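> Show me the folded form of this:
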Amino acid sequence: MIVCYTLFYISTVFSLSYGVCLDAAFPREKFLGLLCFAVLFMAIATPISALASDKFDRRPVLIVGCIAAILSGFTMAPLLGNGNTYAVALFLTIELFLMGVTFAPMGALLPELFPTNVRYTGAGVAYNVGGILGVSVAPYIAQLLANRSGLAWVGGYVSVAAAISLLGVLCMRETRDIKLS
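Numbering: from 1, shown residues only. Purely as a prediction, here's the structure:
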């Protein structure tokens, strides 16, 4: 869940603040329009990723999504930082598409990780701890990194969050065909 929420909140909360208030200086309405455009790709990626996780298993879909998210961190400075409308739209589209890719398999994966007697608690705790780590601190850390070291470091933060999630996915078993009782 960390990668999923880090992608979402960096590409929405932090990017909006950066694009409107800081270096890029987009009009707020224009940047919100770019986000509305990009969120369409999240809406496209979510059912595609859900279907792929049913067909090919949850882990491979999440592994591909996490690797792509690691790589996407390297696109932040050149795309978001250059101030070009099309480059910013491309960056937001990539990030929100990947958010959809990593979000969809979680609905099936998290409950399948736990036996029925603790399934709701286990899935709920995993979901919410990942949310807290990905949501609550991501925009704050991103702003600190941008102010102190530049936008490339914020992209590095996205890559590290994705790498942590990738490590978690690699450590878990595939759950799709496991019978739970």
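> got the contact list for the closest residue to residue 150 other than its chain neighbours?
Nearest residue to residue 150, sequence neighbours excluded (CB to CB, 6 or more residues apart in numbering): residue 77, at 7.1 Å. To be clear about C-beta, it is placed using only N, CA and C from the backbone, and glycine gets the same treatment. Residues in contact with residue 77 (CB atoms under 8 Å, 6 or more residues apart in numbering) are 150-152, 154-155.
> mind running it again at 7 Å?
For residue 77, the contact set (CB atoms under 7 Å, 6 or more residues apart in numbering) comprises 151-152, 155.
> what separates it from residue 172, distance-wise?
Residue 77 sits 32 Å away from residue 172, taking CB to CB, to the nearest Å as the criterion.
> Where neighbours are concerned, which of the contacts of residue 77 has the most?
residue 155 (24 neighbours; other CB atoms under 10 Å).
> Can you give me the distance of that residue to residue 115?
Residue 155 is 39 Å from residue 115, by CB to CB.
> just residue 95 next, same as before
Taken as CB to CB, the span from residue 95 to residue 115 is 35 Å.
> Could you do residue 107 as well?
18 Å.
> quick one: residue 102 and residue 4 touch, right?
Yes. Contact criterion CB atoms under 7 Å: residue 102 and residue 4 qualify, at 4.3 Å.
> between the contacts of residue 77, which is closest to residue 63?
Closest approach to residue 63 among those (CB to CB): residue 155, at 20.5 Å.
> mind checking how far the longest helix anywhere in the chain is from the chain centre?
The longest helix of the chain (DSSP state H) is helix 28-56. Here helix 28-56 is found 11 Å from its chain centre; the criterion is CA atoms, centre = their mean, to the nearest Å.
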